[in-house]
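Novice: For reference, the sequence and a predicted model appear below.
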Amino acid sequence: MEKERIRIMDINFHYYAVKTLAIHAGFDEECAQIIARYSQFVDDFTIYKTMVLDNVPTFARHLAKPYKGKWLFTPVTTGFDSWFEMARLALEQNQRNITIPFHFIPPHTKLNEVKTGDERTAWRVVPAKMDLGHLICGLLTDAKDKFIHAPQATENLMRIGILLHIFADTYAHQNFSGFWDWENYCELTGCRDENGQDITSKYSPSIYHRFPAIGHTEANHAPDDSNISFELKMMVSSKDKYTYFYGRSNVSEFCVASYHIIN
């Protein structure tokens, strides 16, 4: 159960909803499975140690170095499902390499820019829409073009799946950033299930409010669970006293994400 609590936007959306949307969009079952598998893969890939592999597909060899007739990979972790992996995110380098690009991608800001003080709100995630020039939308457009030119290439379906994960997370993780700083300070004030029952205590707000404010850690898993509604209060500026109130139905919000994905 503890492992489930710290997962990113849940498998209900990243795998099952994405596969359903892919089939609805016209992909056959095999292609839809690849897209959904790699959408979920982003949350599941936790390897960070160097690997030596053989039989590497030609399209992936540029990611490795030749090594004694094999291939040497230094992977970038994209998932974290243990407390040890969560602890690694305390390093800013890992925030830049893991949480920001794969789970909390900002709309326009360059990752090498330095933001201090109240400027840090620029790191907060904004729901992506294809016609607004969002960073992830440019990547998806490029992936679509590659797919059109080579629709049978597995790597093009893999790329679409991974990018759809990042796109969907802009809806689940809106108003939070992948860095550790005040822009993520929040207090979870209420959670309700699909029947309207108060389940706030299940998210242990008084405990998680003391955790490092990386992404939505202080709100526990509330922004990710696809069947709940929640309310919380956040800070508008670094000197604020939690005057920004934010709440939503994840069911409704994830339906909006689905609408934009299918388009």
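Specialist: Nice, I can see it. In this text, all values refer to a predicted model and were calculated from it rather than measured experimentally.
Novice: Run through the helices of the stretch 151-263 of the chain in chain order.
Specialist: 154-172, 205-208, 250-262 (DSSP state H, counting those that start in this stretch).
Novice: Would you mind measuring from Lys241 to Glu187?
Specialist: 11 Å (CB to CB, to the nearest Å). For glycine as for every other residue, the C-beta is placed from the backbone atoms N, C-alpha and C.
Novice: So which of these two has more stuff around it?
Specialist: Neighbour count, other CB atoms under 10 Å: between Lys241 and Glu187, Glu187 has more, with 16 against 8.
Novice: you'd agree that one is up against Tyr242?
Specialist: Yes. In this structure Glu187 lies within contact range of Tyr242 using CB atoms under 8 Å: 6.0 Å.
Novice: Would you mind putting the helices of the stretch 151-263 of the chain into TSV with mean neighbour count and distance to Thr74 alongside?
Specialist: Shown next, in TSV, are these (neighbours: other CB atoms under 10 Å; distance: least, CB to CB, whole Å):
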stretch	mean neighbour count	distance to Thr74
helix 154-172	23	18
helix 205-208	15	33
helix 250-262	16	31
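Novice: Looking at those helices, spot the one closest to Ala32.
Specialist: Nearest of the helices of the stretch 151-263 of the chain to Ala32, taken as CB to CB: helix 154-172 at 8.9 Å.
Novice: which helices and strands sit right next to the closest one?
Specialist: helix 18-24, helix 29-44, helix 100-103, helix 135-149, helix 250-262 (3 or more CB pairs under 8 Å, 6 or more residues apart in numbering; DSSP states H and E).
Novice: try it again with 7 Å
Specialist: Under the contact definition 3 or more CB pairs under 7 Å, 6 or more residues apart in numbering; DSSP states H and E, helix 154-172 sits against helix 29-44, helix 135-149, helix 250-262.
Novice: These into JSON lines, with extra columns for distance to Ile162 and mean pLDDT?
Specialist: Shown next, in JSON lines, are these (distance: least, CB to CB, whole Å; pLDDT from 0 to 100):
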{"stretch": "helix 29-44", "distance to Ile162": "5", "mean pLDDT": "97"}
{"stretch": "helix 135-149", "distance to Ile162": "9", "mean pLDDT": "94"}
{"stretch": "helix 250-262", "distance to Ile162": "13", "mean pLDDT": "95"}
